[in-house]
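Visitor: Okay, sequence plus prediction incoming.
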Amino acid sequence: MLKQRGLSLVELMITITLGLILMAALTSVFSHTLGTNSRSLKLSQLQEEATAVMDLLVGDLRRTGYRANAHLLVVDPDNAVAGFNNTITVSQHPDEAANSCIIFDYDANSNAVHDGDTERFGYRLRNGQIQRRSAGLGCADAGWEGLTSPDLIQVDVLEFLLTERMLENVNEQVVNVLAVVSIPSDEEVSRELATEVVIRNAY
């Protein structure tokens, strides 16, 4: 008759220890994978939100100075609408960094008439948020509309650099836009977006 033989206390302790080490390693790998996936998701969301806002800002900025009868500036300057001329200005709110606000006008309804505040636009940095101008407000005024949510995106930098250059004997204005955004809960997750906008309608 065979005698049954179980594990000794030492063998049992070794087996338990190896099992615990294996479980700890698997837990560590799983936690790291979850952390990486969560960070990637945050970064993707940040990129998507920031890109959408920048696309809106840049699209609006490109229209600066547009007016429906622009051809009159060449063929009949005396009767051309001058209200949209040289309206682009770079400034800032007193509590924000220099060059963090830009205001401009364009003929939004294409009626060749400057309709006042409804055709005055702009963007600025205020309290970590990108805001859009409304009712013809100045850079220092309250009442601008928020485009980004401080809970989702922290805007660390918004900067506009306005320059002029000659291209084939034509003087054109150029705005370089820089935005640096991060996630409020994790400032290490950040993105920098930079673009150049040529203002083709500025006269």
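Guide: It's in.
Visitor: Quick one: residues contacting the residue most central in space within the chain.
Guide: Central residue of the chain (C-alpha atoms, centre = their mean): residue 50, 3.8 Å from the mean position. Residues near residue 50 by C-beta atoms under 8 Å, 6 or more residues apart in numbering: 153, 179, 181, 191, 193. Bear in mind the C-beta positions are built from the backbone N, C-alpha and C, glycine included.
Visitor: could the residues you listed go into CSV alongside distance to residue 160, pLDDT and neighbour count?
Guide: Listed next are these as CSV, based on distance: C-beta to C-beta, whole Å; pLDDT from 0 to 100; neighbours: other C-beta atoms under 10 Å:
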residue, distance to residue 160, pLDDT, neighbour count
153, 19, 90, 23
179, 10, 96, 24
181, 16, 94, 26
191, 18, 89, 16
193, 13, 94, 19
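Visitor: lowest-pLDDT helix or strand in the protein?
Guide: Within the chain, no helix or strand scores below helix 72-75, which has a mean of 64 by mean pLDDT, DSSP states H and E.
Visitor: Which of the helices or strands spans the residue nearest to the centre of the chain?
Guide: Counting by DSSP states H and E, the element that carries residue 50 is helix 9-62.
Visitor: Which positions within stretch 42-59 qualify as buried?
Guide: Applying a neighbour-count criterion of 16 or more other C-beta atoms under 10 Å, one finds 42, 46, 49, 50, 53, 54, 57, 58 buried in stretch 42-59.
Visitor: what about residue 114, which SS state?
Guide: Using DSSP: H, G, I helix; E, B strand; the rest coil, the structure places residue 114 in coil.
Visitor: wait, isn't it in contact with residue 84?
Guide: Yes - using C-beta atoms under 8 Å, residue 114 makes contact with residue 84 at a distance of 6.2 Å.
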